[in-house]
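Engineer: next input, structure requested:
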Amino acid sequence: MKINVDPNQFARIKNIFTKDVFPPQKVAEHAIKVPITKEINANMEGYLPVHCVYQLLKTRAFSQGKIHVKTWIYEQICSTKVPLHPHLQPLIQEYVGTLVNPPTTRHGFRVDHVLNTPFTEDEILRVFGKRKDAKISYDFHKTADEFSLPTKLLMLYYTLLYEENVLNNMKDLALQPNRPRRYSSSLMNKIPVKLLLHKAQREPRASQGLYPALIGLLINHLPHLCMASDWLEELDDDTSMTSSTTTIVATISRNKQASSSPTPEQLYTDLRCSALIPAPAIIHLRELSTPHMTSADDVIKFVKALTWSLPHLLDHKVARRVRKEALKLWFRLNSLVPRKLWVLTVSSLLPSSEAWAANSLPPRGQQLAIDFEMLVTDPLIVLSVHRRALQCPEFLEMILRMLPACISANKSHTISMLKANPTLAKGQNPLQWFKNRQGAAAEQQNLEKEKEKLRLAYTATLKSAAVQMLIEICGMEFDGQHEQTSSKLFLLTSRREVQCLACSAIHQFFINDSNNETAKLVSIQGYAPELIEILVAGVPSAHICTDFVAELLQEANYKKHIFAIELASQLCLHYRLAPQMAVAKLCINTMSALVTVVPKTEFCQFFNPTLGSLPNFTSAFPPLLRDVISLLSHISRVINSFVTSQHEHTTVVMDEREWNVDIDDDVMIAMQSNDDAISSDKFVCLYAKVRRIYNKIVHQNVPETSL
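Structural biologist: Residues are numbered from 1 along each chain as shown. So this is what the prediction gives:
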């Protein structure tokens, strides 16, 4: 039967169907009664229930009809298979939007509170197998292994997206009585994020279109899991199957066929006895550290066995190859379960750890000395491990991989704290603030700026403290090791290797700070003078400290002046540029001005260390020779006047031939620090040093043929 309908009547017919016959509320009530699509994937064609629910969420039909859609969405996410259906990601986006942002007049109606409820933590952790006993009233029951990879990735995406939306809208949510709550900090620590990303990289169909969004959320909320060094190393591991590696894999494969795979207890026993029999430990470590030999799910079972045996590998009898292979396995585990690995590593290397004297693995469920939240709150715990661990280059590499990641986690944590606790006008509750919103906006903005300044200052202080501890590692004395001299000077000792690693880490701290705040704080705080030469030579970005020398010279503290002059001399020696020459001239002029300003009691203490910097200035910039010679002459005359005035009743003949010009520097330093030493003896020693500096400068700048 054919009926002719006037085109002008189509709008009326549409309204009849959408408002009278099938209003949005009835459609929404019927939608949640429709069964979910079992094992939904991208290969399914046609119009599915997920399309209908997505459109209803977009128009806020569920909120208008006060219908809860949480259970249907959760069940649909849990029933997902490879390849990932393209409508599931936007479905989660709209659902999270309904959780955080209540409907407004733009949707045709307004609700002052949020109707839908977010997934509970037990429901989220159930997908990852962390809550096996969770009481969830759903029609289906699955174990963690039965949940597909797309399901886990979607649940991770939901958790991160919900957290981001709550934090970004916290200023508006703070005014609502029933605002959505944030998940606890321990929730994300229980989700194996890096392991999921590792699997997603190797199975692109499980995360098509979802992977870039996940990375973007992780960079904002979990930056410690997105460190550039970790990504680059994982990329190198995937593309470094050389011929030698292939040979090793073939050898291990033959050995694996002859014997069964190691257990965690067996690996721990082999590592504990590696000082006597290293071969079994090396074979097992190579097998576990090779991705083509052991899967990711299998290798993460050895985290506790590896970390609990680390103190035994610090024995000087253990071959370095064992520690190198253990480091490779540690790096592979770091790409899979980094947070668990960091906690176990630091816990086992603490001086008070039971791992130092243990003969077996700890029982399952044993309480550790620290947890990941402690590492986030105080990242410097990473550097509080046993001294022997800091003296081992392989162990120091582990520590330096954890340190910047924990500092990055601390920074993200402080940013989240500020967002989660928005500033309201002082003395006002949310209702009063809303009534006086315009008047309180300026005050709120000022308070937010002040809190942000405090946060930046805290982060800069934390980084400078970490750099100071790394500097102390550079000057650390090694137990039972004497550094080679003369012919063995160019051998790479453990001490030199540790200094190189520490300097490289300091360089990363400097270049990652766009405002140079870390380098400025470290320079103003100062450090041991004997380490200046090591740091300037080992830190490529040390030249930025030149900008802070002038500020140090303006301080009223003479110790700051000494440090600035010694630092400037080393910088001039390594970076012979025009800015350094200006700084060198400033240091020389400052010393010339202080000759007549420094009190007599502090004269020797100031000029004794700074005189040694003058040859560096003249060696780097010969045009400054005249100024340096003038300064030395001025210092000599002042010393002469001091000695003469002290012995005014005695005839003092300042005969240069009677003075020991070759007095050792250690003797001078000891005499300068000895308060009981006769004052005239101190000045005589200082004058002898002036002569030595003069002779050294002359020999540096005057050709031998003219002498």
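Engineer: elements contacting the longest helix along the chain?
Structural biologist: Longest helix in the chain, counting residues (DSSP state H): helix 437-474. On a contact count with 3 or more C-beta pairs under 8 Å, 6 or more residues apart in numbering; DSSP states H and E, helix 437-474 meets helix 393-420, helix 494-511, helix 517-525, helix 532-538. All C-beta atoms are positioned from the backbone trio N, CA, C, and that covers glycine.
Engineer: okay, those in CSV with mean neighbour count, mean pLDDT and distance to residue 592 next?
Structural biologist: Shown next, in CSV, are the helices and strands packed on helix 437-474 (neighbours: other C-beta atoms under 10 Å; pLDDT from 0 to 100; distance: least, C-beta to C-beta, whole Å):
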stretch, mean neighbour count, mean pLDDT, distance to residue 592
helix 393-420, 20, 94, 43
helix 494-511, 19, 94, 32
helix 517-525, 20, 94, 23
helix 532-538, 19, 94, 22
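Engineer: can you give the distance of the longest helix of the chain from its chain's centre?
Structural biologist: 16 Å (C-alpha atoms, centre = their mean, to the nearest Å).
Engineer: for stretch 200-209, same thing?
Structural biologist: Centroid separation for stretch 200-209 versus its chain: 27 Å, with C-alpha atoms, centre = their mean.
Engineer: now the end-to-end length of it.
Structural biologist: 11 Å (C-alpha to C-alpha, to the nearest Å).
Engineer: what's that stretch in contact with?
Structural biologist: Residues outside stretch 200-209 that contact it (C-beta atoms under 8 Å, 6 or more residues apart in numbering) are 42, 82-84, 86, 89, 148-150, 153, 199, 210-211, 214.
Engineer: please redo it, this time with the cut-off set to 6 Å
Structural biologist: Stretch 200-209 has contacts (C-beta atoms under 6 Å, 6 or more residues apart in numbering) with 82-84, 149-150, 153, 211.
Engineer: on that earlier part again, pLDDT of the longest helix of the chain, averaged?
Structural biologist: For helix 437-474, mean pLDDT rounds to 87.
Engineer: got the buried residues for that helix?
Structural biologist: 440, 443-444, 447, 451, 459-460, 462-471, 473-474 (16 or more other C-beta atoms under 10 Å).
Engineer: same question for stretch 621-630.
Structural biologist: Those would be 621, 624-625, 627-629, for stretch 621-630 by 16+ other C-beta under 10 Å.
Engineer: now, these that are in helices?
Structural biologist: 625, 627-629.
Engineer: and of those, the nearest to residue 101?
Structural biologist: Closest to residue 101 out of those is residue 627 (69.1 Å), distances taken as C-beta to C-beta.
Engineer: ok, that closest one to residue 223 distance?
Structural biologist: Relative to residue 223, residue 627 is positioned 49 Å away (C-beta to C-beta, to the nearest Å).
Engineer: can you check residue 645 too?
Structural biologist: 64 Å.
Engineer: higher neighbour count, these two?
Structural biologist: For residue 645 versus residue 223, the count of surrounding residues by other C-beta atoms under 10 Å is larger for residue 223: 15 against 9.
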